[in-house]
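Peer 1: Give me the fold of what follows.
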Amino acid sequence: MSFPVIKGAAYALIQASNMLLHQGTTQTSERRKNPTSEHLEKLSQHLRSFQEAVSYPPNQVYIGNMTPDDLKDIPRPWYQAPVSGASRVGKHGEIMPEDEFLGLMKIVDAFDLVVLEEEFQTGVKGKISAHPVLKNIKDLDKLSQNPGRLEEISRLVEERLAQPIYFNGKLVGCVKKAHEFDEALSDHVMFENLVGKASAVFALMLLFSRTELQPHEVEYIIECSEEACGDMNQRGGGNFAKAVGEICGCVNATGSDTRSFCAGPAHALVEAAALAQTGIYKNVVVLAGGASAKLGMNSKDHVKKGMPVLEDMLGAFAIHIGENDGISPVIRTDGIGRHKIGSGASPQAVMTAIVAEPLDKMGYKITDVDRYSPEMQNPEITVPAGAGDVPLANYKMIGALAVKRGELDKSDLMKAVAGFGMPGFAPTQGHIPSGVPFIGHACDMIREGKITRAMIVGKGSLFLGRLTNLFDGVSFIMEKNGGKEETSDFSKEEIRAMIAQAMKDFAKTLISNE
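Peer 2: Numbers count the residues shown, from 1 in each chain. A predicted model of the protein is given here:
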């Protein structure tokens, strides 16, 4: 069997402190309930500068300047151990400041909903025009058109006709609502959707800059964030995928959106693998932008504990799946893990369904996997909020399952966890940490011979949609490529012999029938 491969991956982070203050759901809910709360008064004192965000070790891991294993050697708290000489540009991606991102939001806006104040717009145009990845982006000239007057922007915001855009604490623009009374096209929803679109565009442009893939070669795009675009007649009708591809010059691509809360990216990658393996599409891109609503979700606990607010980052990614090239890591489509409707919701049932069962299909033990990448949330964000170290909890459950199956001695449990596990390093953006942040690193490690295989695990909380109490989970194995010819179950000689024998048998049948 000739398996599909992962040919490249790119990752983007956008620091968005002002969005955290004004569009993060924790803050907007608090402002409605108690506008003079102590949390809102203290919050601004706990925000990071852009350079502090760039120097934060987990962010450097996310864009590829450090490896997940490097984090093991840095004592926590990581926010007190900035990386000396850290760069916003990494092997796998880039960290973008908020002002440049606001300019990108206007560039990707197809309906003139984003209004930027003239002086601010001129400033960001200069920065994006000089950006090595974005300087040739389609519709860059929008930053030379229709600047806004601050008085008009203020009026739109005050009359609740637009979402405010702030930078450095100053009002610099707004996002207007797209319909007079359609809630699915409100200023709030349009702001979130444009954030998702712009961050996904940045990730895709980064993918093109860091791989050999050209925009015109992309045939299918799968967008797998947690946002939904549409109008009141079809609130989640879509299509983010084609909207992103349009901006990035993917003229030969079509696409669609896949949703399953945090498990969405894993579903999308399995779909992409199937499309590439069957030859329906040669080059498929799976991508997702960030969620402005989730900025500062745990900020109350961070502020109470005197920490910087670490959830100031929008995350995004883009991954290229293609036909087997004999070199790139393969996706083992003969062992896809899935949490079935009847699997059960206990931790053991979940891990059995999405870890043990697919490995059994392939004849592997749990200990045969070199690295597991489940929910890779940064523990410095989740532990202070009482949610614990999520990746570590997953690794312990995987290790405990190996013990139960007799594949690991109980005394070796934590040693095994340390071996196949790694610290979480992704921002808590739901779908962003769910397995995919490690794919770029895994590709590097497999190509360099440091590991042979890794399992990517996506899990999702479907009950959040209030339609079912079910859980969700999907997994797949990334593995060293054995070469195009070696991926077949039979040699050429065996295939020729089988064909020759079949022809002989067929001839005998004809003679006997006569």
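
Peer 1: any idea where the strands of the stretch 401-514 of the chain begin and end?
Peer 2: Under the criterion DSSP state E, counting those that start in this stretch, strands of the stretch 401-514 of the chain are mapped to 453-460, 472-479.

Peer 1: what angle separates the first one from strand 472-479?
Peer 2: The reference is to strand 453-460. Here the directions of strand 453-460 and strand 472-479 differ by 170 degrees (axes from the mean of the first three to the mean of the last three Cα atoms, to 10 degrees).

Peer 1: From here on, call the first residue 31.
Peer 2: New numbering, starting at 31: the last item is strand 483-490.

Peer 1: Let's see strand 483-490 as PDB, backbone CA atoms only.
Peer 2: The C-alpha trace of strand 483-490 is given here as PDB (Å, rounded to 0.1, in the frame of the first residue of the first chain):
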ATOM      1  CA  ARG A 483       7.000   6.900  14.400                       C
ATOM      2  CA  ALA A 484       4.700   9.300  16.200                       C
ATOM      3  CA  MET A 485       1.000   9.200  17.000                       C
ATOM      4  CA  ILE A 486      -1.100  12.400  16.600                       C
ATOM      5  CA  VAL A 487      -4.200  12.400  18.800                       C
ATOM      6  CA  GLY A 488      -7.100  14.800  18.500                       C
ATOM      7  CA  LYS A 489      -9.800  14.900  21.100                       C
ATOM      8  CA  GLY A 490     -13.000  17.000  21.200                       C
END
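
Peer 1: Sketch out the low-pLDDT regions of the stretch 31-180 of the chain for me.
Peer 2: Scanning the stretch 31-180 of the chain for pLDDT under 70 picks out 31.

Peer 1: ok, back up a step: can you lay out the strands of the stretch 431-544 of the chain as a markdown table showing mean pLDDT, mean neighbour count and distance to Glu189?
Peer 2: Glycine gets a C-beta too; all of them are placed from N, C-alpha and C. Shown next, in a markdown table, are these (pLDDT from 0 to 100; neighbours: other Cβ atoms under 10 Å; distance: least, Cβ to Cβ, whole Å):
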| stretch | mean pLDDT | mean neighbour count | distance to Glu189 |
| --- | --- | --- | --- |
| strand 483-490 | 96 | 26 | 38 |
| strand 502-509 | 97 | 26 | 41 |
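
Peer 1: which one of the ones you listed lies closest to Thr382?
Peer 2: Evaluated over those, closeness to Thr382 peaks at strand 502-509, with 10.5 Å, by Cβ to Cβ.

Peer 1: Quick one: list the elements packing against that closest one.
Peer 2: Where contact means 3 or more Cβ pairs under 8 Å, 6 or more residues apart in numbering; DSSP states H and E, strand 502-509 is packed against helix 294-308, strand 360-361, strand 367-368, helix 387-392, helix 469-477, strand 483-490.

Peer 1: Turn these into TSV, columns for distance to Asn198.
Peer 2: What follows is the helices and strands packed on strand 502-509, written out as TSV (distance: least, Cβ to Cβ, whole Å):
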stretch	distance to Asn198
helix 294-308	33
strand 360-361	44
strand 367-368	46
helix 387-392	49
helix 469-477	32
strand 483-490	36
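
Peer 1: Which one of the ones you listed lies nearest to Val281?
Peer 2: Using Cβ to Cβ, the nearest of the helices and strands packed on strand 502-509 to Val281 is helix 294-308, at 18.9 Å.

Peer 1: Touching that closest one from outside, list them.
Peer 2: The contact list for helix 294-308 (Cβ atoms under 8 Å, 6 or more residues apart in numbering) reads 32-35, 250, 252-256, 288, 290, 311-316, 318, 347, 349, 351-353, 361, 363, 366, 461, 464-466, 486-488, 490, 503-506.

Peer 1: May I see the ChimeraX selection of the buried members of those residues?
Peer 2: The buried residues among the contacts of helix 294-308 can be selected in ChimeraX (16 or more other Cβ atoms under 10 Å) with this line:
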select :33,34,35,250,252,253,254,255,256,288,290,311,313,314,315,316,318,347,349,351,352,353,361,363,366,461,464,465,466,486,487,488,490,503,504,505,506
